[in-house]
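Asker: Attaching a predicted model along with its sequence, questions to come.
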Amino acid sequence: KAGVTQTPRYLIKTRGQQVTLSCSPISGHRSVSWYQQTPGQGLQFLFEYFSETQRNKGNFPGRFSGRQFSNSRSEMNVSTLELGDSALYLCASSLGAGTARMAFFGQGTRLTVV
Amino acid sequence: AQTVTQSQPEMSVQEAETVTLSCTYDTSESDYYLFWYKQPPSRQMILVIRQEAYKQQNATENRFSVNFQKAAKSFSLKISDSQLGDAAMYFCAYSGGSQGNLIFGKGTKLSVKP
């Protein structure tokens, strides 16, 4: 069974640009959550999607958005990039909503904003 | 709000010895899960062990075991017979109620000396 796949693995963007990251969950998993990991703030929850609906959202500005498709794949978008958005973005998949009881993570996308 | 605290930023252990990583948490919920995740340099978050709050018995996975003290809100991880491959960042995490997201501690960097 394939694991959680995040693309791209690495990304370099310029301030003010926008970026889209992709996450393909484990087959059969319908919930996808996104996390931002930085040295200063640690791991912070961005949002959770289940059945194409955002179920839960962390404390991030509106520049951070996401969506989920009918095949459960998810994308997150960051508009008007700032230097502070440089981080490792991790995606986690689980079977159903509210089931962080068994979340599997991808290898992450390393975003560098210059 | 729920919080997770790891008070040891770094720990070191000799190969084949035992080490204990500490974690405390705060919550008013009665139904929740606690986790230890390992993040090696590859950045992949790997679930090490999971504990359901309603279970009194401490979880065990091979060389990894936890000491879950519900009243004290403490959840420590014991690694026995430490191996070089155990060197990584270890994160304690909480998931409660119907929330689908994980709340992470700041992590403990574990070094294993040969």
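Answerer: Yep, it's here. None of these values were measured; they are calculated from a predicted model.
Asker: So what's the residue count around residue 94?
Answerer: Picked chain A for this. 24 (other C-beta atoms under 10 Å in any protein chain shown). For the C-beta atoms, the positions are set from N, CA and C on the backbone; glycine is no exception.
Asker: actually chain B
Answerer: 26.
Asker: what number of residues lie near the nearest residue to it once chain neighbours are set aside?
Answerer: Closest residue to B:Tyr94 apart from its sequence neighbours, by C-beta to C-beta, 6 or more residues apart in numbering or on different chains: B:Ile103 at 4.7 Å. Neighbour count for B:Ile103, taken as other C-beta under 10 Å: 22.
Asker: Kindly provide the distance from B:Gln14 to A:Cys23.
Answerer: To A:Cys23, B:Gln14 is 39 Å away according to C-beta to C-beta, to the nearest Å.
Asker: Revised request: answer the last question for A:Thr109.
Answerer: The gap separating A:Thr109 from A:Cys23 is 9 Å, by C-beta to C-beta.
Asker: neighbour-wise, which of the two wins?
Answerer: For A:Thr109 versus A:Cys23, neighbours defined as other C-beta under 10 Å are more numerous around A:Cys23 (28 against 22).
Asker: Excluding chain neighbours, give the residue nearest to that one in space.
Answerer: Nearest non-adjacent residue to A:Cys23 (C-beta to C-beta, 6+ apart): A:Cys91, at 3.5 Å.
Asker: now for the helix or strand in which the one you found is found, which elements pack on it?
Answerer: Element membership for A:Cys91, per DSSP states H and E: strand A:87-94. Applying 3 or more C-beta pairs under 8 Å, 6 or more residues apart in numbering or on different chains; DSSP states H and E, we find strand A:87-94 packed against strand A:5-7, strand A:19-24, strand A:31-38, strand A:104-105, strand A:109-113.
Asker: pLDDT averaged over it, what's the number?
Answerer: Averaging pLDDT along strand A:87-94 yields 95.
Asker: rewinding a little: so for A:Thr109 and A:Cys23, which residues contact both of them?
Answerer: Each of A:Gln6 lies in contact with both A:Thr109 and A:Cys23 under the rule C-beta atoms under 8 Å, 6 or more residues apart in numbering or on different chains.
Asker: Can you tell me which residues in chain B are near chain A?
Answerer: Selection of chain B residues close to chain A by C-beta under 8 Å from any C-beta of the partner chain yields B:33, B:37, B:42-47, B:50, B:52, B:91, B:95, B:97-107.
Asker: mind running it again at 6 Å?
Answerer: B:33, B:43-45, B:95, B:98, B:100-102, B:104, B:106 (C-beta under 6 Å from any C-beta of the partner chain).
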